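> here is the input, now give the coordinates:
(chains A and B)
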Amino acid sequence: MKPAAFEYHAPTTIDEAVALLAEHAPNDGRILAGGQSLVPTMAFRLARPTHLIDINNVAKLDKLAIEDGALCIGATVRHAQFHTPACDGILGHLLTNVVSNIAHYPIRQRGTFCGSIAHSDPASEWCMVAATLDATMVAQSVSGERHIAAAEFFETVMTTSLNEDELLREVRIPVLSDDTVYGFQEFNRRAGDFAISMSLVTYRLEAGKIVDPHVGVGGAEDRPRRITEAEAALAGQSPGDDAFRAAAEAAAAAIDPMEDHATNAQYRRDLTATLVRRALENAAS
Amino acid sequence: MATATNRMLGHLGDSVERLEDPPLVTGKGRFVGDINFPDQLHMRIVRSDHAHGKIISIDTSAAEAVPGVVAVWTTEDIDDVPPIDFREGSDPTLALFRQYPLARELVRYVGDPVAAVFAEDPYTAEDAAELVVIEIEPLPVLINADDTPQDFKGQATTEAAIVEQGYGDIDTTFANAFKVVEIDVKVSRHTGVPMECRGAIGRYDEARDVLEMYGAAKVPHRNRDTLCRMLNRPASGVHLFEGHTGGGFGIRGELYPEDVLVCVAAMRLHRPVKWIEDRREHLMAANHSRQQRHIIRAAVAEDGEVVGLDDELYLDQGGYIRTHGTRVANMTTGTLPGPYRFPVYRSICHFRLTNKTPAATYRSPGRCESTFVRERLMDAVAVAMDMDPIAIRRRNLISLEEMPYGRALDVLGDSVEHDPGDYAGLLDQGLAQIGWDDLQKTLAERRANGEMVGAGISMFFEKSGLGPSDGAKIFVDNEGFIEVVTGGASIGQGFETAMAQIAAEDLGTDYRRIRVVHGQTNRIDYGVGAHASRATVLTGTAVSLTAQAVRAKALDMAAELLQTSAESLTITDGVVHSKDNPAGPSLTLGEIAEALIPTSKLRGDREPYLKGEEWFHIDHQTYPYGHHIAVVKVDPDTGGVEIEKYFIAYDIGRSINPMMIEGQLVGGLAQGVGGALFEEFTYSEAGDPQAVTFADYLMPTLQEIPNPEILLTEDFPSIRTPLGIKGAGEAGITGAAGAIASAIDNAIGIPGAVTETPVSPQRLKKILRKHGK
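Numbering: from 1, shown residues only, chains lettered A, B, ... in the order given. Just a heads-up that it's a prediction; the model follows:
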């Protein structure tokens, strides 16, 4: 449980950080933010970066503010900062609701929002939030800034479309209108564990009918995503048991569940139906 | 810390604060990781990543070339060191299955130590360990103990032993039975997982020819004896030292390959050698436990009496037989009948090796497994006979009138003889306290409203205070400070506090003035350590007898000095005074001690010093008893189980410190919930362990553990011990899986549904799906 040797860098500016990343990424140089996933993996020697570029001293990465209709979350913003609403309105409320499900209190003090997104564990709550709410990832490298839509960002287990020389500088989540309702559900065997499956849903009502439904599922597949089949089952329907069950069944049918030694596909599929339905019931209540 | 009044603290039965807590909660603990010696080396073990195979070659050259590496050993470097022997002495019938400190010819599980790297620092040791190249020719992997046994080294099969116990005529009883009820149930492979991983430091004092090992726990004296046997050294030349220990649970403190390696390396490399285990190693290298499959049947008479019990079980021992030998098999077959009469009984245990981590004892070994199995069977009998689960148990409980109740069964070399106890009476008290009848009504109403809620019970008897003997020494110095020297061990259970309270009772002093020594083989010749719920029963009684002897000596000396009779004197807060006239002439214990020093003219022909040493010998173990009741709610959609309420009733005989006993029960329950619902070591078909981190091995957290209601009674002090003490260490875990399984059956309305632990959501969902629920 002692990591392999590595060289440690502590830049203080974004330019310096991305320059170091450009230099060392080809030799498995990695960004260190909260370290809550990377450092244990290094202790197991499953990750053995030769260079660690610690961005905790970099100025201006702690941004947490509304800009141009989106909540902008900088690379060193910690999970714990979402325990109180990060912004007014529904979005801030939603994020406070989700954050308490992320691991345990000490981990939330160190771990970062952007670190979770870049790490892209399929069971990451923040990844599912980003996918469901169509967040935009702002990647920075020596060659400039690139904006990546959530739907193009998460590729598979712990794999994103971020290039090796890119720092995930910021994530932007569109603000939710005041008439948006949301529901969040996750299931795991113990409090704080990675979700076996989870769901985040949002929608609005116009003349009593569901519009703009977003149905996100995480933990069940190799990446979090919106389930369009479930959204189609909701759009234009009255909220209620019939529509919610139809959407839940559609979601369960649409996913390609992961299997591991502890959980089989059938269990994950059944569970996903339950969680989507309950998330929708949450949203409606 | 002294209170404003002269009130002495810490008498028997007082829930006083624990003496051991101040250093532990202020960061002053000294765990093995905190101990360092100048010039020490660090050891890193290279472990097999094959579950079964022949060692073709081991290339250590690249590792040896790493700067800072002092040595890299394989079994050839220590070919004079024998396999690790059994704690209770050599056993030729099992000798073949023992584990060498480093694998010889074969590897038998993933995690089997193959090489040891010794380096100047732990980082270098781990770097170099990665460079050791091991070539293995894979052999067929045996994962299930109920599969056909394989060859073992061409000399035996993997069925290392068959352990059979029983009495009466099984065949006739079953042939004449009104009904026969059979179940097939499994207990998963899981174990005690201490917060602190293992660690050991070997140090050899060449000037004095003394080998020392730090990081000992649980049974330091026994491990010293085994080390002496293995290394051919006198007991006076091997000393083990126990520091703070972050949990034991039966698995920490046995003599493991790494312990032997640091000792041998310290002698041969002429430097102290330190080894600290990491969690991944711990979960694949420290003892596993519990895995058993029982096919068990009951012969039942028309009135519900279970007239015969016939059990066949497969015990998954893993790759080797370690220090415990067949202890778990013996305890399983010896305690399976539990608190019931069962006039005819047989249990046959197939004690089999597999290609998994070796198994041994874990808190409540044998009883935890057998209680789950037996209580599942009692529930099945109730269903088959259309009787209430409480009624079927009552029908079969051993009654107070039959006590002490002997059986022709052996538990650790001791024939089972139940202490007098009122099993049915405690059941009455428990059911009344929890309001069982009202609870049944409420649960029935909730089920009628669509909720899956239910209650279940599990009854058990425990064993504690394994003999035969233990001793203690007490020394009072000239300032009146008291040292109690024991061969006990502290694994976090409050040993020091319990011993201090017991000594304080007779020495008439505040328990905080007493220093308790444990786990130091250089301070006392003999010790039983801390296991089998024996420390308070056995060591505590020895301390009590010694304290009485020292008291008698103090009063005898004081009587002469005060020119009165010893009978007229007593001791209060360390002061000897007249019973009738507390304000009259008095002497402190320190003054009396001073009068007894070797050169004292006042001493007369008394033995020097205010000190004593007494022994306690016990004929039979003590058998405390109790029951657990669980109320659970099942989520039919997720298969999740929530424990809504939990209740433990237990007769302790005599409480030394009720707070600590409740702590033992709650802590045991936490682990019981783990085994019932969460913890499981699973393996792939190739024998790869799938739970080697806390992400996969699910320890319950505070949020999953119920806060139980506890009924602690002292209705039946043990007849085996003068203070009436019975053990407390294991009752919190013993009944848990049985009660939770029973409650789940009740909640989902499917009798006998739970046949396997842990009841994971996926397993439960599968059951519900199968039954269309």
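
> tally of neighbours for whichever residue of chain A sits closest to chain B?
Going by Cβ to the nearest Cβ, chain B is nearest to residue A:1 of chain A, at 3.5 Å. All C-beta spots, glycine's among them, are computed from the backbone N, C-alpha and C. Number of residues near residue A:1 (other Cβ atoms under 10 Å in any protein chain shown) recorded here: 16.

> so which elements touch the helix or strand that contains residue B:259?
Counting by DSSP states H and E, the element that carries residue B:259 is helix B:257-269. Applying 3 or more Cβ pairs under 8 Å, 6 or more residues apart in numbering or on different chains; DSSP states H and E, one finds that helix B:257-269 contacts strand B:41-47, strand B:69-73, strand B:113-119, strand B:199-205, strand B:210-216, helix B:220-231, strand B:273-276.

> nearest residue to the residue of chain A closest to chain B other than its sequence neighbours?
residue B:278 (3.5 Å; Cβ to Cβ, 6 or more residues apart in numbering or on different chains).

> sorry, back to before: the helix holding residue B:259 vs strand B:199-205, what angle?
30 degrees (axes from the mean of the first three to the mean of the last three Cα atoms, to 10 degrees).

> neighbouring contacts of helix B:257-269?
For helix B:257-269, contacts defined as Cβ atoms under 8 Å, 6 or more residues apart in numbering or on different chains pick out B:41, B:43, B:45, B:70-71, B:73, B:78, B:81, B:84, B:99-102, B:113, B:116, B:118, B:198, B:200-204, B:211, B:213, B:215, B:223, B:227, B:230-231, B:272-275, B:277, B:285.

> just the C-alphas of that helix, formatted as CSV.
Output of helix B:257-269 as CSV, limited to C-alpha atoms (Å, rounded to 0.1, in the frame of the first residue of the first chain):
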residue,chain,number,x,y,z
PRO,B,257,3.5,-17.0,8.6
GLU,B,258,4.5,-13.3,8.7
ASP,B,259,5.0,-13.5,12.5
VAL,B,260,7.4,-16.4,12.1
LEU,B,261,9.2,-14.6,9.3
VAL,B,262,10.0,-11.4,11.2
CYS,B,263,11.3,-13.5,14.1
VAL,B,264,13.5,-15.7,11.9
ALA,B,265,14.7,-12.7,9.9
ALA,B,266,15.6,-10.7,12.9
MET,B,267,17.9,-13.5,14.1
ARG,B,268,19.5,-14.2,10.7
LEU,B,269,19.8,-10.7,9.3
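
> if I take it and strand B:113-119, what angle do their directions form?
Using the same axes, to 10 degrees: helix B:257-269 against strand B:113-119 is 50 degrees.

> out of the helices and strands packed on helix B:257-269, flag the one nearest residue B:522.
Between residue B:522 and the helices and strands packed on helix B:257-269, the shortest gap by Cβ to Cβ is with strand B:210-216, which sits at 8.6 Å.

> chain center to the closest one, what's the gap?
22 Å (Cα atoms, centre = their mean, to the nearest Å).

> stretch B:726-737 too?
Here stretch B:726-737 is found 10 Å from its chain centre; the criterion is Cα atoms, centre = their mean.

> quick revisit: in CSV, list the helices and strands packed on helix B:257-269 along with mean neighbour count, distance to chain A and mean pLDDT.
Listed next are the helices and strands packed on helix B:257-269 as CSV, based on neighbours: other Cβ atoms under 10 Å in any protein chain shown; distance: least, Cβ to the nearest Cβ, whole Å; pLDDT from 0 to 100:
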stretch, mean neighbour count, distance to chain A, mean pLDDT
strand B:41-47, 24, 9, 98
strand B:69-73, 22, 14, 98
strand B:113-119, 26, 11, 98
strand B:199-205, 23, 13, 98
strand B:210-216, 24, 17, 98
helix B:220-231, 21, 25, 96
strand B:273-276, 25, 9, 98
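
> which one of the ones you listed lies nearest to residue B:406?
helix B:220-231 (28.3 Å).

> mind listing residues that contact the closest one?
Residues outside helix B:220-231 that contact it (Cβ under 8 Å, 6+ apart) are B:81-82, B:84-87, B:90, B:211, B:213, B:216, B:233-235, B:238-242, B:253-255, B:259-260, B:263-264, B:323, B:487, B:489, B:519-521, B:525-529.

> what about the residue nearest to residue A:1, distance to residue B:694?
Using Cβ to Cβ, to the nearest Å, residue B:278 is found at 12 Å from residue B:694.

> so the two - more neighbours on which side?
Neighbour count, other Cβ under 10 Å: between residue B:278 and residue B:694, residue B:278 has more, with 17 against 14.

> list the contacts of the residue nearest to residue B:216 when sequence neighbours are not counted.
Nearest non-adjacent residue to residue B:216, counting by Cβ to Cβ, 6+ apart: residue B:240, 3.9 Å away. Neighbour list for residue B:240: B:212, B:213, B:214, B:216, B:220, B:221, B:223, B:224, B:227, B:519, B:520, B:521 [criterion: Cβ under 8 Å, 6+ apart].

> what about 10 Å?
B:200, B:211-217, B:219-225, B:227, B:253, B:255, B:259, B:263, B:519-522, B:527 (Cβ atoms under 10 Å, 6 or more residues apart in numbering or on different chains).

> do the same with residue B:515
Counting by Cβ under 10 Å, 6+ apart, residue B:515 has contacts B:19, B:475, B:481, B:482, B:483, B:484, B:485, B:496, B:499, B:500.

> ok, longest helix in chain A?
helix A:265-284 (DSSP state H).

> what comes up buried for that one?
Neighbour counts over helix A:265-284 (16 or more other Cβ atoms under 10 Å in any protein chain shown) mark A:267-284 as buried.

> likewise stretch A:3-13?
Here stretch A:3-13 shows A:3, A:6, A:9, A:11 as buried, counting by 16+ other Cβ under 10 Å.

> touching chain B at all, that stretch?
Yes - on the criterion Cβ under 10 Å from any Cβ of the partner chain, stretch A:3-13 is in touch with chain B at A:3, A:4, A:5.

> circling back to that earlier point, how about TSV for the helices and strands packed on helix B:257-269, with distance to residue B:58 added?
Conversion of the helices and strands packed on helix B:257-269 to TSV gives the following (distance: least, Cβ to Cβ, whole Å):
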stretch	distance to residue B:58
strand B:41-47	8
strand B:69-73	9
strand B:113-119	6
strand B:199-205	22
strand B:210-216	26
helix B:220-231	23
strand B:273-276	19
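
> which one of those lies nearest to residue B:679?
The nearest among those, by Cβ to Cβ, is strand B:41-47 at 21.8 Å.

> so what are the sheet partners of the closest one and their directions?
strand B:113-119 (antiparallel), strand B:273-276 (parallel) (DSSP bridges).

> burial count for the closest residue in space to residue B:157 that isn't next to it in sequence?
Residue nearest to residue B:157 in three dimensions, not counting chain neighbours: residue B:149, with 4.2 Å by Cβ to Cβ, 6+ apart. By other Cβ under 10 Å, the residues close to residue B:149 number 16.

> one more: residue A:262?
By other Cβ under 10 Å, 16 other residues sit near residue A:262.

> helix or strand for it, which one?
When the helices and strands are read off by DSSP H and E, none of them contains residue A:262.

> returning to what we had before: buried residues, the helix holding residue B:259. List them.
Residues of helix B:257-269 classed as buried: B:257, B:258, B:259, B:260, B:261, B:262, B:263, B:264, B:265, B:266, B:267, B:269 (neighbour count, 16+ other Cβ under 10 Å).

> could you do stretch B:765-773 as well?
Residues B:765, B:767, B:768 are the ones in stretch B:765-773 that count as buried (16+ other Cβ under 10 Å).

> report the contact partners of the residue nearest to residue B:157.
Residue B:149 touches B:142, B:156, B:157, B:158, B:159, B:160, B:350, B:352, B:353, B:354, counting by Cβ under 10 Å, 6+ apart.

> rerun that using 8 Å as the cut-off
B:142, B:157, B:158, B:159, B:352.
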